[in-house]
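[1] here is my input, please return the structure:
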Amino acid sequence: MLPLFLLIDKCFINLLKRKIKKMNVEAESENNDKIWKKFLSKHFKMFVLFVVSAILAFMGIIYILLWFVEEAQLTGLIPETLNLWTMGYLVTFLLHLIFWIVILIGIPVIIAIAAVYFLWWKKLPDDERQEYNNRHLFGKRSNRSDAGGVFSFFINIGFIIKVNLDGNWNEPFADWTFDYLVYSYITASIWVLLIFGIPIAIGGTWWIFHEMKKKP
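    Next up is the predicted model:
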């Protein structure tokens, strides 16, 4: 009877732990909704500025990638066809690409973040800033990568579809040009962003205006 009692007791404890964890998650979600509602009601223009800046930075990175792929091939920094690529070419290409992204995007972004921090964030009331920090306005670290994995999966599916549409299904990889590989992946990424991003953007916009209309 004692082992049976211990088993029942253990099951009850595990059930209680799961219940408490679920309650904590629901409470945290409700807390995040409230703090975001407060932030949006007070700083909606700044939120729009954040979103637009992030989109422009992302578009800038894509533009630099496309520009440098073409430039690197024209100057002979990397070979055009994939059959001539080596590890040396790959490392050289990545180092040069990172350099241009840091110079043209990274430094301006760092300057912009510093300006926002000193000209806006530091001028907020201390209690308001403390509340945003304590209630994790900007989220907290998470080990979950499900969304990124799903996103990558659909990009690869889109890449396969594009290669098939281009008539390169049976074309040897060695005959592919590097710019074709890059452009195809970017095109597939844009397809995925449009398919999933538009509904997410519409839903997010609806949620923002719906929450802002609620009484505090």
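
[2] how is the protein divided into domains?
    38-139, 146-216 (automatic domain parsing).

[3] worst average pLDDT in the ones you listed?
    Mean pLDDT is lowest for domain 146-216 out of those, coming in at a mean of 86.

[4] surely residue 76 is in a helix?
    No - using DSSP: H, G, I helix; E, B strand; the rest coil, the secondary structure at residue 76 is coil, not a helix.

[5] okay, now it: neighbour count?
    8 (other C-beta atoms under 10 Å). (C-beta placed from N, C-alpha, C; glycine too.)

[6] do the same with residue 168
    Residue 168, neighbours per other C-beta under 10 Å, totals 15.

[7] and if you look at the one 3 residues further on?
    Residues within reach of residue 171, counting by other C-beta under 10 Å, total 12.

[8] doesn't it lie inside a strand?
    No - counting by three-state DSSP, residue 171 falls outside a strand, being coil.

[9] I'd like the distance between it and residue 155.
    Going from residue 171 to residue 155 by C-beta to C-beta, to the nearest Å gives 20 Å.

[10] for residue 203, same thing?
    Distance from residue 203 to residue 155, by C-beta to C-beta: 21 Å.

[11] give me the more crowded residue out of the two.
    The neighbour count for residue 203 versus residue 155, taken as other C-beta under 10 Å, is higher for residue 155 (19 against 10).

[12] in the protein, which spans are helices?
    2-74, 87-101, 107-119, 126-134, 146-165, 178-192, 198-213 (DSSP state H).

[13] buried deepest among the ones you listed, which one?
    helix 178-192 (a mean of 17; mean count of other C-beta atoms under 10 Å).

[14] for that one, packing partners?
    helix 2-74, helix 146-165 (3 or more C-beta pairs under 8 Å, 6 or more residues apart in numbering; DSSP states H and E).

[15] ok, and what's touching that helix?
    With contact meaning C-beta atoms under 8 Å, 6 or more residues apart in numbering, helix 178-192 is reached by 62, 65-66, 69-70, 73, 78-82, 85, 151, 154-159, 161-163, 166, 168.

[16] same thing but 7 Å
    62, 65, 69-70, 73, 78, 80, 82, 151, 154-155, 158-159, 162-163 (C-beta atoms under 7 Å, 6 or more residues apart in numbering).

[17] can I get that helix in CSV? Just the C-alpha atoms.
    C-alpha atoms of helix 178-192 as CSV (Å, rounded to 0.1, in the frame of the first residue of the first chain):
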residue,chain,number,x,y,z
PHE,A,178,26.6,32.5,-56.6
ASP,A,179,24.3,35.5,-57.2
TYR,A,180,21.5,33.1,-58.4
LEU,A,181,21.8,31.2,-55.1
VAL,A,182,21.6,34.3,-53.0
TYR,A,183,18.8,35.9,-55.1
SER,A,184,16.7,32.7,-55.0
TYR,A,185,17.0,32.5,-51.2
ILE,A,186,16.1,36.2,-50.8
THR,A,187,13.1,35.8,-53.1
ALA,A,188,11.9,32.8,-51.1
SER,A,189,12.3,34.8,-47.9
ILE,A,190,10.2,37.6,-49.3
TRP,A,191,7.5,35.1,-50.3
VAL,A,192,7.4,33.8,-46.7
